[in-house]
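Student: 3D model of this:
(chains A and B)
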Amino acid sequence: MQLAAVVLVDGLVYASYLFMVGVGLTVIFGVQRVLNVTHGAFFAFGAYMSATLIGLWYGADLPAFGGFLMILAAAVIVGVVLGVIIERGLLKFLYDRDEHIVVLATFAAFLVLEDVILLVWGHDPYYAFQPMQLLGSTRIAGLAFDNFNLSMIGISAALATGLWYALRRTTWGKMLRAVIFDREISRAMGINVTAVFLGTFIIGSMLAALGGAYLAPTISVQPGIGVEVIVLAFAVVVIGGMGSIPGALIGAIVVGISRAAAIHMLPQIELFVIYGIMAAVLIWRPEGLFAPVTARKI
Amino acid sequence: MNASRNRISTQVVGALAALSLLAGAGGALAKDEVVMAVPTFLTGAGGAAFGIPGKNAVEIVVEAINAGTLPAPYNTKGFAGARVKAMIYDESGGNTKQVTEMRTRVQQDKVDLFAGFISSGTCSAVAPVAEELKVLTLLTVCGTPRVFEELDKDPKYVFRTLNTATASNVSLAHYVAQKMSKKNGYTGINQNYAWGQDSWRDFDLAMKVLAPHIKNTSTPQFPKLFSGQYGTEISALLRSPEEIVHASVWAGDLEALVLQGGARGLFQKKTFLFTVGDSGVYRLADKFPKGSLIGARGPYGIYAAPHLDGSPLNVWFQKTYRERFKEQPTQSAYQYAQGVLAAKYAYDKAMKANGGKFPSTDQVIAALKRAEFPTLSGTVKMAIGKGHQAITDDIWGGFIWDAKLNEPTVSDVIRFKAECVNPPDDVDSVEWIKGGMKGAKCS
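Tutor: The predicted structure follows:
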């Protein structure tokens, strides 16, 4: 019983992490059909910006809980600045090109952004552990869990609910779904598709940056952290179905809990779990678990 | 006229042929410059902890070698009098890329030697290629014993100038047997690749020989390299009954484990044995778990702090490094410097043996094989791996925060002799440990 509870908590925490790093990717793909490899760089920029702002905040001896505002500020700054630069400076020229060209272009941009990180922040690692220390820990099933990591479950749930509500219950969401269905007809109906694309890309970028910004207090922020994330994000998005937010959520939960069970009961297969699930899904349902139905134009 | 022209042409061709023969013999002509390729992590997760300290050390040591300002016995200019040009490049990108890089550096850039490589996976990949390309290669940091035990069993061009991981883990088992004999069992958390797997295997085997009463009962953890998230592994460790945790994790993984484990009280319940803890201890400073054991794969880094090792070479290195880079030199800085000093020692010794003339590569190799030379902290003996694998003393101690120095230091330090923690020549490390470490000279 204790093991089941621990696996559930560990699994949900890891699933929250996966959802946070994957949801931005799936939002952008769902609307713009862009497989955005720069996602990993947005995550890394978010982490660096968060560590920098948190460092400045606590260095100035400001109220302790303000550190959490710095996490949010980092995600917004990085999402807006990089989102605008990449969408207006690169992607707008590529929307009519083959998807492979877009992948290669965003991969090139990812490499450039990785070097920009080295230019701006150098090779030294950054730490921003204060917010994690501030929240303390909670005992669950006899083990101490830090509240900062537990809070990721709430953040991810809020993100999933917020995105679902925005897509299904708001005018913006209706416009977005119209653009997803058919760009040309949407444009003919008076929807500013260019603005929708830019807005969506900024939101997707902010979500990627939020993943990095929120994780920064738990890791050593240093060059290369975006590489691992992009692989994980792709795996989760492929399992759930490219472009599906519920798919990303369910995919993250399936992987998170399976991985936690493996680590507790059979650690040797931990490395295999995520890719094993991905392979099984691709064999059984190549479009992913929850890929939206797409109409084929004739 | 024609006969005369033909004779001159024949003489020119003959002279050129003679020159190319000499060059082919290993460049035994007078030489102004030795080009030394230095692969190290300049980007990626291994950069901050290992790559950049290594690069920094090479820069200051090469500068001093070219200026002739290193303390004795390295106080002559250059390698065998030739200026040293360090061609530092990025080791990131995986083994295939590194093999291609090595071929490019040899065939296009005409480098004379390599001194570097951090990743055990990369060392395993490039060692056979270095033999094929006939280029002198000094491996400076990587630890897997498989290089000379499985992949390059009869080496000529490849050397490693520091201990293998076996020495670190055997000395650690000695330390645990001597100082922690009442602890209730051990488990491990090691990255899932050659370094992590070899480290755990050697430690586990050594514990079975040296402290058989301390048992491992739960399955050790092998998280993915650079995964960065350890929440579940920390839960598994907290649930395990063992008190000791063996951890060879490094770079961002080491730091993330310390930060995440600290927030969950992991280090109050378990004593961690960080086999390369030195690589992160200065950056984590007082966040590093008190009482954890710190390894540096030899007498480097924290074990070579100025107040612990006052030799002129070490004092020069500490002073120069700290002044230039405003930080303490960690183990990787020492290990890279050790590789460069090994090259200088070999070139200079080979030149003497060659009557003062610049030596050929074969002569440099002969000079380094089975050599014994002083380095920044201690002595290196090229004693095993048919004279191509170094052995050095190894040291272990517990972490404490020295508020007076405002930097980390160590207590309860034990130094183990090189011959105590390394297998004899031509003996496979696993077989040696399993066989009860016969031939170890520990007294």
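Student: Can you get me a residue count around residue 160?
Tutor: With no chain named, the answer covers chain A. Number of residues near A:Ala160 (other CB atoms under 10 Å in any protein chain shown) recorded here: 18. Just so you know, the C-beta spots here come from the backbone N, C-alpha and C atoms, and that holds for glycine as well.
Student: think we crossed wires, I meant chain B
Tutor: With neighbours defined by other CB under 10 Å, the count for B:Arg160 comes to 30.
Student: For it, list the residues it contacts.
Tutor: Under the criterion of CB atoms under 8 Å, 6 or more residues apart in numbering or on different chains, the neighbours of B:Arg160 are B:123, B:138-140, B:142, B:147-148, B:385, B:388-390.
Student: make it 7 Å
Tutor: Residues in contact with B:Arg160 (CB atoms under 7 Å, 6 or more residues apart in numbering or on different chains) are B:139, B:147, B:388-390.
Student: By pLDDT, rank those and give me the bottom one.
Tutor: Among the contacts of B:Arg160, B:Val147 has the lowest pLDDT, at 94.
Student: looking at this, it is in a helix?
Tutor: Yes - counting by DSSP: H, G, I helix; E, B strand; the rest coil, one finds B:Val147 located in a helix.
Student: my guess is B:Arg324 meets B:Ile60, correct?
Tutor: Yes - with contact defined as CB atoms under 7 Å, B:Arg324 counts as touching B:Ile60 (6.0 Å).
Student: the more surrounded of those two?
Tutor: Ranked by neighbour count (other CB under 10 Å), B:Arg324 and B:Ile60 place B:Ile60 first, with 21 against 13.
Student: Pull up the gap between the more buried one and B:Phe317, please.
Tutor: To B:Phe317, B:Ile60 is 8 Å away according to CB to CB, to the nearest Å.
Student: near chain B, which residues of the stretch 151-298 of chain A show up?
Tutor: Where the stretch 151-298 of chain A comes near chain B, counting by CB under 7 Å from any CB of the partner chain, the residues are A:218-220, A:222-225, A:228, A:259-260, A:263-264, A:267-268, A:270-271.
Student: what's the closest of those residues to B:Lys134?
Tutor: Of all those, A:Gly224 has the smallest distance to B:Lys134: 33.5 Å, by CB to CB.
Student: give me the number of residues near that closest one?
Tutor: Neighbour count of A:Gly224, defined by other CB under 10 Å: 22.
Student: Equivalent analysis for B:Gly301, please.
Tutor: Using other CB under 10 Å, B:Gly301 is surrounded by 29 other residues.
Student: same check, this time on B:Leu259
Tutor: By other CB under 10 Å, 22 other residues sit near B:Leu259.
Student: tell me the contacts of residue 90?
Tutor: Reading this off chain A. Contacts for A:Leu90 (CB under 7 Å, 6+ apart) come out as A:105, A:109.
Student: Let me rephrase: I mean chain B.
Tutor: By CB under 7 Å, 6+ apart, the residues touching B:Asp90 are B:41-43.
Student: switch to 8 Å and redo it
Tutor: By CB under 8 Å, 6+ apart, B:Asp90 lies in contact with B:39-43, B:51.
Student: What of B:Thr76?
Tutor: B:68, B:348 are the contacts of B:Thr76 under CB under 8 Å, 6+ apart.
Student: From chain A, how far out is it?
Tutor: To chain A, B:Thr76 is 33 Å away according to CB to the nearest CB, to the nearest Å.
Student: so how far is the helix or strand hosting A:Ser258 off the chain centroid?
Tutor: Here A:Ser258, judged by DSSP states H and E, is contained in helix A:245-265. Averaging C-alpha positions (CA atoms, centre = their mean, to the nearest Å) puts helix A:245-265 15 Å from its chain's average.
Student: Please apply the same query to stretch A:66-80.
Tutor: Relative to its chain's centre, stretch A:66-80 lies at 15 Å (CA atoms, centre = their mean).
Student: B:Asp253 contacts B:Phe226, doesn't it?
Tutor: Yes - contact criterion CB atoms under 8 Å: B:Asp253 and B:Phe226 qualify, at 6.0 Å.
Student: so what sits against both of these two?
Tutor: In contact with both B:Asp253 and B:Phe226: B:45, B:191, using CB under 8 Å, 6+ apart.
Student: Pick out whichever of these two has more residues nearby.
Tutor: Between B:Asp253 and B:Phe226, B:Asp253 has the larger neighbour count (other CB under 10 Å), namely 28 against 20.
Student: State the three-state secondary structure for the more buried one.
Tutor: With three-state DSSP as the criterion, B:Asp253 reads helix.
Student: can you tell me the residue of the stretch 51-200 of chain B closest to chain A?
Tutor: Residue of the stretch 51-200 of chain B nearest chain A, by CB to the nearest CB: B:Ile52 (4.8 Å).
Student: Point me to the residue of chain B nearest chain A.
Tutor: B:Glu255 (3.4 Å).
Student: Am I right that that residue is in contact with A:Asp124?
Tutor: No - if you go by CB under 8 Å, B:Glu255 and A:Asp124 don't touch, sitting 11.7 Å apart.
Student: who has more neighbours, those two?
Tutor: Ranked by neighbour count (other CB under 10 Å), B:Glu255 and A:Asp124 place B:Glu255 first, with 26 against 14.
Student: quick one: low-confidence ranges for the chain?
Tutor: Picked chain A for this. Scanning chain A for pLDDT under 70 picks out A:292-298.
Student: think we crossed wires, I meant chain B
Tutor: Applying pLDDT under 70 to chain B flags residues B:1-30.
Student: for chain A, what are the nearby residues on it?
Tutor: Contacts of chain B with chain A, taken as CB under 8 Å from any CB of the partner chain, map to B:42-49, B:51-52, B:92, B:192, B:219-224, B:226-229, B:231-233, B:235-236, B:238-239, B:251-252, B:255-256, B:259-260, B:263-265, B:283, B:287.
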